[in-house]
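Novice: Predicted model, plus sequence, below.
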Amino acid sequence: MNLIVCHDLWKIYQLGDVDVEALRGVSVSIDRGEFVAIMGASGSGKSTLMNILGCLDTPTKGRYSLEGREVASAGQDELAEIRNRRIGFVFQNFNLIPRTSALENVQLPLLYRGLPVRDQRARAGEALARVGLTGREQHYPAQLSGGQQQRVAIARALVSSPSILLADEPTGNLDTDSSREIMEILVGLNRTDDLTVIVVTHDSTIAGYASREVLVKDGQIVNDQRRAPAPV
Amino acid sequence: MMTFITMTMWTAFRVLSRNRLRAGLTLLGIIIGVGAVIAMVSIGGGAREAVRSQVASMGTNVIMIWPGATTVGGVRGAQGGAVTLTVSDAQELKKKVPLLTDTGYARRDVMQFINGNRNWNGPINGISPSYLTIRDWSFTSGGPLTQADLDSAARVALLGQTVVENLFDAGEEPVGATIRIKNVPFRVVGVLAPKGQSLQGSDQDDVIFIPFTTSERKVLGTLFLGSVGAVFGSTERPEDLPQAVEAIREVLRGRHRLQPDQGDDFTIRTQVDIGQIQETTSETLSIMMFAIASISLLVGGIGIMNILLVSVTERTREIGVRMAVGAKRRHILMQFLIEAMTLGLMGGLIGIVVGILGARVTTAVAGWPTIITPGSIMVAFLFSLAVGLFFGLYPANKAAGLNPIEALRHE
């Protein structure tokens, strides 16, 4: 079943008098349970594509349907709602809220869903347990290692039981060991929970964990191939 | 929604407590503003209350009539200098003005009184017995002057508290004692209940009352028999005062044979008039209070706005993250509004405490009466909340209007 269907996506920014075409007719379909790596050099348009797939931004033209729902023309509040329930984000620089405990960081999506505090805490605790951080609930981000911070971020993405996990250079700020740890968690989630994972990266080692590689260049998809992922 | 609000308030407290110095300095404006309001309102309230009780101490619904100033060849003398009011004026007014429940009259002079080896100088008043009832004067011991005392020009006296304190030992019973005024012996028949300060600030208890006739014939002497220093009247209800004043003016002008082009040779004042003069003073005070409070709260509000703008800039990334995980614009808007109101409220609460302490200190040091009403505390509380809300709107709007992608990229 198609989770994501994009048809002829264009994104045009206006920089002064010049129109910059960040995306030029991107069409791509992603099924539930896929592990996709979106690759490309900086400036290729892969970040723009990710922002649109993550409902942080809307395309200038084209269609994007997520779980059968047309979102290309959705309003701000509707997009926020979709981000809250259907999408989990993992960023390169973790983006945890400073001086706020790991547990509260993970609770955040549930806070905006209006869940009672007791339920928020219970679900956030479970999510932290899944990334192996039981016992670190009350630690502040500054008291955790880079790898641990990224695991908190993954727990925050998981807590809302999304259908897609979007990771933008998730290992960009991590050493090799931590990188492998993070990627193994993502692969595990993809295999055991059938969670759709999309990783944006320019690192081919990271892309090697994926079962499908999409190469973006000059705002267009130039290569899209499925292959057997590297054994974990 | 309640969960969101309570959790956001909790977050706001934590954010503020992290930057204690910064928050404290921001709050200073509000603290000073609210503190000033509370202190000034309570001092003003105390002053008003003092005036009210002083006005009440004059009696109920009292009308006072004084003789006018003399005019000799264009040179005007002091008020009360003329001898235009008489005992018969007072008696006639009671008959001809039905609105007046009673009239009385008095004349005064300052003299020395002696009791044994002690002496005291104070005002001595020759009065009609009705004077005491009009002015609501009660007794701590003994009884009033009677009509018989007046008719026989009896040598009896009533003493005010201040006089008692200066002429008698503590615990000594003045009633029944004999004092001398101008070498005339007087029997003390009563001691008056204390009334405190008058509106003009004089001690109303520093007084001796004797029958009017006695004062005329035996103590003060007089130029014209029957001329009085002041005539007093009272009405049943305060609403009757203006009408009664007009009626009195008419009767007196007729009795004094004044032509229409001549001015009054007397002055009429009511308790209400005198109260109003004081009200005007306290109104001026209120306007000043309002100005001070407005300026302080404005400055405090701008402080809140400033610190929130800094906070929005500092926490742009955080705002981006919140938006990415599903915060809607109104969530961000409310988060910053709640922070602004928390600042306003904290400033307000501290300000209220400071204001109450300020009022207490004023009472202790300057001896001014102060009154702190729950109403003024409530108003100060709501005002600080409103200031926080108003000055938080712009920064909160700015935060809510951020683009999530740009906010996430912010360094």
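Specialist: Looks like it arrived, so ask away. Residues are numbered from 1 along each chain as shown, chains lettered A, B, ... in the order given.
Novice: ok, then the element right after the biggest helix by length in chain B?
Specialist: Taking DSSP state H as the assignment, the helix of chain B that covers the most residues is helix B:271-314. From helix B:271-314 onward toward the C-terminus, using DSSP states H and E, the following helix or strand is helix B:316-324.
Novice: List the contacts of that following helix.
Specialist: Contacts to helix B:316-324, defined as C-beta atoms under 8 Å, 6 or more residues apart in numbering or on different chains, come from residues A:54, A:56, A:80, A:83, A:89, A:95-98, A:108, A:112, B:312, B:331-332, B:335, B:399, B:402, B:404-411. Bear in mind the C-beta positions are built from the backbone N, C-alpha and C, glycine included.
Novice: from the chain's centre, how far out does it sit?
Specialist: A distance of 56 Å separates the C-alpha centroid of helix B:316-324 from that of its chain, computed with C-alpha atoms, centre = their mean, to the nearest Å.
Novice: what element comes up after it heading to the C-terminus?
Specialist: If you walk from helix B:316-324 toward the C-terminus, the next helix or strand you reach (DSSP H and E) is helix B:329-366.
Novice: Give me the residue ranges of chain A where confidence is low.
Specialist: Confidence mapping of chain A against pLDDT under 70 gives the ranges A:1, A:229-232.
Novice: other SSEs contacting the longest helix of chain B?
Specialist: Taking 3 or more C-beta pairs under 8 Å, 6 or more residues apart in numbering or on different chains; DSSP states H and E as contact, the helices and strands that helix B:271-314 lies on are helix B:20-57, helix B:329-366, helix B:374-400.
Novice: tell me, which of the ones you listed is the model least confident about?
Specialist: For these, mean pLDDT drops lowest on helix B:20-57, to a mean of 82.
Novice: For chain A, which helix extends over the most residues?
Specialist: The longest helix of chain A (DSSP H) is helix A:176-193.
Novice: how about the next helix or strand after that helix, does it get close to chain B?
Specialist: Once helix A:176-193 ends, the next helix or strand along the chain (criterion: DSSP H and E) is strand A:196-201. No - applying C-beta under 8 Å from any C-beta of the partner chain, one finds strand A:196-201 separated from chain B by no less than 13.6 Å.
Novice: Now do the buried residues in whatever helix or strand comes next after strand A:196-201.
Specialist: Scanning the chain past strand A:196-201 towards its C-terminal end, the next helix or strand to appear is helix A:204-207 (assignment: DSSP H and E). The neighbour-count criterion (16 or more other C-beta atoms under 10 Å in any protein chain shown) identifies A:Ile206, A:Ala207 as the buried residues of helix A:204-207.
Novice: Which single residue of chain A approaches chain B most closely?
Specialist: Per C-beta to the nearest C-beta, A:Asn84 is where chain A lies closest to chain B, at 2.4 Å.
Novice: in a helix, that's where that residue is, yeah?
Specialist: Yes - A:Asn84 sits within a helix when classified using DSSP: H, G, I helix; E, B strand; the rest coil.
Novice: tell me the contacts of the nearest residue to it once chain neighbours are set aside?
Specialist: When the adjacent residues along the chain are set aside, A:Asn84 lies closest to B:Gly326, with 2.4 Å between them (C-beta to C-beta, 6 or more residues apart in numbering or on different chains). By C-beta under 8 Å, 6+ apart, B:Gly326 lies in contact with A:Ala80, A:Glu81, A:Arg83, A:Asn84, A:Arg85, A:Pro109, A:Tyr112, A:Arg113, A:Ser160.
Novice: any idea what sits nearest the residue nearest the centre of chain B, other than its immediate chain neighbours?
Specialist: For chain B, B:Arg48 is the residue whose C-alpha lies nearest the centre (C-alpha atoms, centre = their mean; 1.7 Å). On the basis of C-beta to C-beta, 6+ apart, the spatially nearest residue to B:Arg48 that is not a chain neighbour turns out to be B:Ser282, at 5.2 Å.
Novice: so what's the one you found up against?
Specialist: B:Ser282 makes contact with B:Gly44, B:Ala47, B:Arg48, B:Val51, according to C-beta under 8 Å, 6+ apart.
Novice: want to try a markdown table for the residues you listed, with distance to B:Ile274 as columns?
Specialist: As requested, the contacts of B:Ser282 are arranged in a markdown table below (distance: C-beta to C-beta, whole Å):
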| residue | distance to B:Ile274 |
| --- | --- |
| B:Gly44 | 19 |
| B:Ala47 | 15 |
| B:Arg48 | 14 |
| B:Val51 | 9 |
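Novice: wait, doesn't B:Ile43 sit right on B:Ala359?
Specialist: Yes - counting by C-beta atoms under 8 Å, B:Ile43 does reach B:Ala359; the two are 6.3 Å apart.
Novice: where do the contact lists of the two overlap?
Specialist: In the contact map built from C-beta under 8 Å, 6+ apart, the residues linked to both B:Ile43 and B:Ala359 are B:Thr370.
Novice: how many neighbours does residue 169 have?
Specialist: Looking at chain A here, since you left the chain open. Neighbours of A:Glu169 under the rule other C-beta atoms under 10 Å in any protein chain shown: 20.
Novice: let's do chain B instead
Specialist: 9.
Novice: buried ones in stretch B:147-165?
Specialist: Within stretch B:147-165, the residues that qualify as buried are B:149-150, B:153-164, counting by 16+ other C-beta under 10 Å.
Novice: In strands, which of these fall?
Specialist: B:Val156, B:Ala157, B:Leu158, B:Leu159 (DSSP state E).
Novice: Quick one: those residues as a markdown table, columns for pLDDT and distance to chain A too.
Specialist: Rendered in a markdown table, the data for those read as follows (pLDDT from 0 to 100; distance: C-beta to the nearest C-beta, whole Å):
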| residue | pLDDT | distance to chain A |
| --- | --- | --- |
| B:Val156 | 92 | 83 |
| B:Ala157 | 92 | 80 |
| B:Leu158 | 91 | 75 |
| B:Leu159 | 90 | 74 |
